[in-house]
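Undergrad: Show me how the following folds:
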Amino acid sequence: EEGLREAERIGTSEQVQWLRAECLWDEFLIGRWNEATAHADEFLAEVEGGLPHYMEAPVREVRAMIRLAAGDGTGALHDTVRVLALTRAAEDPQVLFPGLVYRSHVLIATGRRADAVPLVDELLERLRSSRSSLVSYWAIPLAVALTRLGRPSELEGVVQNATMRNRWLDAAR
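TA: Here you go, the predicted structure:
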């Protein structure tokens, strides 16, 4: 929040958008979902129709999770379709890996289990072959997806190959 205030003071729009996205993730994580949703909608209204912003995918992930929890599976599916398109285009593991996880999680939760399996398999293969095996906040929906697919033991391989230990991995385990 302090960084956001400073970016707003200086007037660096790219950093303002980035930090607004980071703040709405915090709102989501601490349960301020109304604020997170409003801020996600604002952020997405600004980037839609313009150049994609690197943080669009994480913002859509938040909105998808809130929509899913509120019973709006269609909205969650819509958001994660865009998440996957953006993250595949970025070809960056730090956004692609969570993009695969959140799309899988939403597919499973909305009864489209068969559609989720190839995405989970792709993620696990990418994790095995990647030089970047940082697993963080998205370990939780990965654990849920693997459990719902009847494959919870596969999380152990992800945990063992992770380059850093963190609370997200501990909670997922």
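
Undergrad: Off-centre distance for stretch 147-166?
TA: 17 Å (C-alpha atoms, centre = their mean, to the nearest Å).

Undergrad: what distance separates the start and the end of that stretch?
TA: 20 Å (C-alpha to C-alpha, to the nearest Å).

Undergrad: how close does residue 157 get to residue 109?
TA: Residue 157 is 23 Å from residue 109, where distance means C-beta to C-beta, to the nearest Å. Bear in mind the C-beta positions are built from the backbone N, C-alpha and C, glycine included.

Undergrad: Can you give me every residue that contacts the residue nearest to residue 21 when sequence neighbours are not counted?
TA: Using C-beta to C-beta, 6 or more residues apart in numbering and skipping residues adjacent in sequence, the residue nearest residue 21 is residue 55, 3.7 Å away. Counting by C-beta atoms under 8 Å, 6 or more residues apart in numbering, residue 55 touches 17, 18, 21, 22, 43.

Undergrad: What's the local residue count around residue 54?
TA: Residue 54 has 15 neighbours, counted by other C-beta atoms under 10 Å.

Undergrad: Generate a PyMOL selection restricted to the buried entries among the contacts of residue 55.
TA: Per 16 or more other C-beta atoms under 10 Å, the buried members of these correspond to this PyMOL selection:
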select buried, resi 17+18+21+43
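
Undergrad: now what about the host helix or strand of residue 100, what contacts it?
TA: Assessed by DSSP states H and E, residue 100 sits inside helix 93-109. Applying C-beta under 8 Å, 6+ apart, the contact partners of helix 93-109 are 54, 57-58, 61, 64-65, 68, 73, 76-77, 79-81, 83-84, 86-88, 90, 113, 115-116, 119-120, 122-123, 126-127, 130, 132, 134-135, 137-138, 141-142, 144-145, 148-149.

Undergrad: is it true that residue 169 touches residue 135?
TA: Yes - under the criterion of C-beta atoms under 8 Å, residue 169 makes contact with residue 135 at 5.8 Å.

Undergrad: Compare the two (neighbour count), which wins?
TA: A side-by-side neighbour count of residue 169 and residue 135, using other C-beta under 10 Å, places residue 135 first with 24 against 20.

Undergrad: For the nearest residue to the more buried one once chain neighbours are set aside, give its distance to residue 55.
TA: Spatial nearest neighbour of residue 135, excluding adjacent residues (C-beta to C-beta, 6+ apart): residue 162 at 4.6 Å. Here the criterion is C-beta to C-beta. By it, residue 162 lies 23 Å from residue 55.
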